[in-house]
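Visitor: here is the input, now give the coordinates:
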Amino acid sequence: MRRSLLMCLIVLPVAALGACAPALSPGTAESASPSARPAAAVLPGLDPLLPNLLEAAGEGSPLRISDAKEESCLDLTHDDNWNTLTRTMASVDGRYADHPSAQGSMDALKAYLQEDGWALDDEVRNEENKNGVVYEVSFHKDELSLTARYDHAARDGRRFVELVITSPCVENPDDHQMIRSSLDPEYGSFSQHYDHNAEKADGSGAVSTP
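Guide: Model (predicted):
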């Protein structure tokens, strides 16, 4: 799962940020949710949400969409049947110049999510120059879980915000084809896990975000 951390938010080197590990990463044992909708049904609902989150973060925000796809809950390097247990995963991240701008975006995102009907699960706030997590907030809505996290690397002053959205793992037939949203930066690029030819034929291509 590239750099994302689900239910945790960041994607900088662990040594620099004390990054938190995803709540579930490929290869992590987890039973499928029998009642959740499959990722293919959940993913389209994120297409309007992700741009709204970028807008809510404020004008000039460095946040960009880094993932918007269905991903395997299994280890892609060891499991041949990686497509039989999948979930939805989307992430937005960006590096900020200072604390006021990073915290301002986090506060704006929290307000937007609450207005949009997301239920607050947890909130942690630390001193602005703490090495590691400065602010973290998590929500849920329907079957989706969302975590927004702001990290500070004391070594070089980097301030990084990442927001990750995931759905529960759901079992699929053996011939299941995983999909990516056209908002995913890798949409249309070669992949053994996605039908990149169909994505190219779709014509929408990866969408550049403001």
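Visitor: what's around residue 78, how many residues?
Guide: Residue 78 has 9 neighbours, counted by other C-beta atoms under 10 Å. The way it works is simple: take the backbone N, C-alpha and C, and place the C-beta from them, glycine included.
Visitor: can you tell me the element it falls in?
Guide: Using DSSP states H and E, residue 78 falls within no helix or strand.
Visitor: what about residue 169, how many neighbours?
Guide: 22.
Visitor: same check, this time on residue 104
Guide: Residue 104 is flanked by 15 other residues according to other C-beta under 10 Å.
Visitor: give the buried residues for the helix or strand where it lies.
Guide: Per DSSP H and E: residue 104 is located in helix 99-115. Going by neighbour count (16 or more other C-beta atoms under 10 Å), the buried part of helix 99-115 is 99, 101-103, 105-106, 108-110, 112-113.
Visitor: mind putting the residues you listed into CSV with distance to residue 126 and pLDDT?
Guide: Listed next are the buried residues of helix 99-115 as CSV, based on distance: C-beta to C-beta, whole Å; pLDDT from 0 to 100:
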residue, distance to residue 126, pLDDT
99, 11, 96
101, 17, 96
102, 13, 97
103, 11, 97
105, 17, 97
106, 12, 98
108, 19, 97
109, 17, 98
110, 16, 98
112, 22, 98
113, 20, 98
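Visitor: what about the longest strand seen in the chain, average pLDDT?
Guide: The residue-count maximum for a strand in the chain (DSSP state E) belongs to strand 85-96. Taken as a whole, strand 85-96 carries a mean pLDDT of 97.
Visitor: which neighbouring elements make contact with the helix or strand following the helix holding residue 104?
Guide: As assigned by DSSP H and E, the chain's next helix or strand after helix 99-115 is strand 119-125. Here strand 119-125 touches strand 132-141, going by 3 or more C-beta pairs under 8 Å, 6 or more residues apart in numbering; DSSP states H and E.
Visitor: mind listing what the strand it packs on pairs with, with the direction of each?
Guide: strand 119-125 (antiparallel), strand 144-153 (antiparallel) (DSSP bridges).
Visitor: could you dump the ones you listed to TSV with mean pLDDT?
Guide: Formatted as TSV, these follow (pLDDT from 0 to 100):
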stretch	mean pLDDT
strand 119-125	98
strand 144-153	97
